[in-house]
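S.K.: Below is the structure, and that's it, no one-letter string:
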């Protein structure tokens, strides 16, 4: 239950915040005929529909590579955000360019949803293991966590939309621009991370260390977006501290008081949603990840420059971990798991993204210890994503044989 609450909030809240702010801006500046609002809603619907299609294809086929798709989407979203901010501050007052501004907002919102929603759509199919019934406590807990996360995200978005609608346009523009810039930096780091993992680019050591810090503190960007967007309810609250405008009649007075009460309620909703989100990503996440300890290394035989592991020891389909002492007394770990009748997944107990934090087995699933991503066991032994760094092996005379030279080449990963 807690896993899905955390993941929904972590993966979707930033997109919900930005979409709500974009929607509030369009609603405040849209024409009387509602064309700009319809254009925005069309972009959001198109992004959501495309995300659902991507989720279905990822679930049922191998046509979609998540990393390549995300990189392509972000390659559109980044210039989209830049152009939107430029239009927002330079051309927004020119009526002939206002239509382009709403088009950029629709495109940007669609790209944000296409990036975030496929992962969300793929969570429900994970609730049931093969042969398991829906009428179980485990399924109910997972569903409650998933829906709880969605509720937090939706309430935060609605609260921001309502609050931004009550503020002057200039203040909304400042908050929206700042939040988009923070998210843009995050998107750039995701692309650089992908290029580094694929070894398409090389960067100086200080830049690489900075990227490692960003990867290990990914939630910082979400907290920054939350902090900036929380200026909306704060500004709304300060504005409501003063006396109500003079009413021309009792009916108008009641309307003004009702509007102020509604603004206070929406501000409270945003604050409560953010408190729950922060607790989910800190206290709850720490509690959920407690006690994850790597299993001890199993014995193996080293003859010359070859590691010998009897096949009979790794036939059970479970994760097996081994230690190897490399040059400079660097202790390395690698893992082995049987994937099917003819193939094994063999790799370092480390990946290009999360480093040597390791993997563990939980309910017949292989999990990254740092980011809690579930590995597709059939892809262990291949490059990409959070997969273990592949390690070559051969089968000979009933044994798995691994060349120690291949381990030595990667020893710096465990420094």
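M.R.: Right, received. Where do you want to start? Bear in mind that the values here come from a model prediction, so they are computed numbers and not experimental data. Residues are numbered from 1 along each chain as shown.

S.K.: what about this protein, any weak spots by pLDDT?
M.R.: 1, 30-33, 91-99, 129-133, 242, 289-292, 371-372, 385 (pLDDT under 70).

S.K.: and the top strand by length along it, how far from the chain's centre?
M.R.: Assignment by DSSP state E gives strand 330-338 as the longest strand of the chain. The chain centre lies 27 Å from the centre of strand 330-338; the measure is CA atoms, centre = their mean, to the nearest Å.

S.K.: and the gap between residue 277 and residue 9?
M.R.: When CB to CB, to the nearest Å is applied, the distance between residue 277 and residue 9 equals 5 Å. Any C-beta I mention is one placed from the backbone N, CA and C, and that applies to glycine too.

S.K.: Next: residue 246.
M.R.: Distance of residue 246 to residue 9, given as CB to CB: 43 Å.

S.K.: ok, those two, which is more surrounded?
M.R.: For residue 246 versus residue 9, neighbours defined as other CB atoms under 10 Å are more numerous around residue 9 (27 against 8).

S.K.: ok, then the element right after the helix or strand that contains that one?
M.R.: Taking DSSP states H and E as the definition, residue 9 sits inside helix 2-29. Where DSSP H and E defines the elements, the next helix or strand beyond helix 2-29 is helix 35-60.

S.K.: Pull out the buried positions in that following helix.
M.R.: Applying a neighbour-count criterion of 16 or more other CB atoms under 10 Å, the buried positions in helix 35-60 are 36-37, 39-40, 43-44, 46-48, 50-51, 54-55, 58.

S.K.: Summarise which helices and strands that helix is packed against.
M.R.: When contacts are defined as 3 or more CB pairs under 8 Å, 6 or more residues apart in numbering; DSSP states H and E, helix 35-60 sits against helix 2-29, helix 95-122.

S.K.: what is the orientation angle of the first one with helix 95-122?
M.R.: Which is helix 2-29. 170 degrees (axes from the mean of the first three to the mean of the last three CA atoms, to 10 degrees).

S.K.: Could you name the helices and strands sitting against helix 2-29?
M.R.: Packed next to helix 2-29, using 3+ CB pairs under 8 Å, 6+ apart, are helix 35-60, helix 95-122, helix 137-165, helix 169-197, helix 219-229, helix 250-279, helix 285-288.

S.K.: who's in contact with the helix or strand just after the last one?
M.R.: Think helix 285-288. For helix 285-288, the following helix or strand on the C-terminal side (DSSP H and E) is strand 301-303. Residues outside strand 301-303 that contact it (CB atoms under 8 Å, 6 or more residues apart in numbering): 307-309, 324, 404.

S.K.: Buried ones among the residues you listed?
M.R.: Those of these that meet the buried threshold are 307, 309, 324, 404, by 16+ other CB under 10 Å.

S.K.: among those residues, which are in helices?
M.R.: Under the assignment DSSP state H, the buried ones among the contacts of strand 301-303 contribute residue 404 to helices.

S.K.: right, and out of the buried ones among the contacts of strand 301-303, which lies closest to residue 160?
M.R.: Lowest distance from residue 160 to those (CB to CB) belongs to residue 324, with 51.6 Å.

S.K.: ok, the closest residue to that closest one other than its chain neighbours - how many residues close by?
M.R.: Nearest non-adjacent residue to residue 324, counting by CB to CB, 6 or more residues apart in numbering: residue 332, 4.7 Å away. Look at residue 332: counted by other CB under 10 Å, it has 20 neighbours.

S.K.: what about residue 332, distance to residue 405?
M.R.: 13 Å.

S.K.: again with residue 171
M.R.: According to CB to CB, residue 171 stands 62 Å off from residue 405.

S.K.: of those two, who's got more company?
M.R.: Higher neighbour count among residue 171 and residue 405: residue 171, with 15 against 10, using other CB under 10 Å.

S.K.: you'd agree that one is up against residue 238?
M.R.: No - with contact defined as CB atoms under 8 Å, residue 171 does not reach residue 238; the gap is 10.8 Å.

S.K.: ok so, going back, farthest pair in the buried ones among the contacts of strand 301-303?
M.R.: Greatest spacing in these, by CB to CB: 309 and 404 (12.7 Å).

S.K.: so what's the residue nearest to residue 348 when sequence neighbours are not counted up against?
M.R.: Among residues not flanking residue 348 along the chain, residue 389 sits closest, at 4.2 Å (CB to CB, 6+ apart). For residue 389, the contacting residues are 347-348, 350-352, 383, 410, 413, by CB under 8 Å, 6+ apart.
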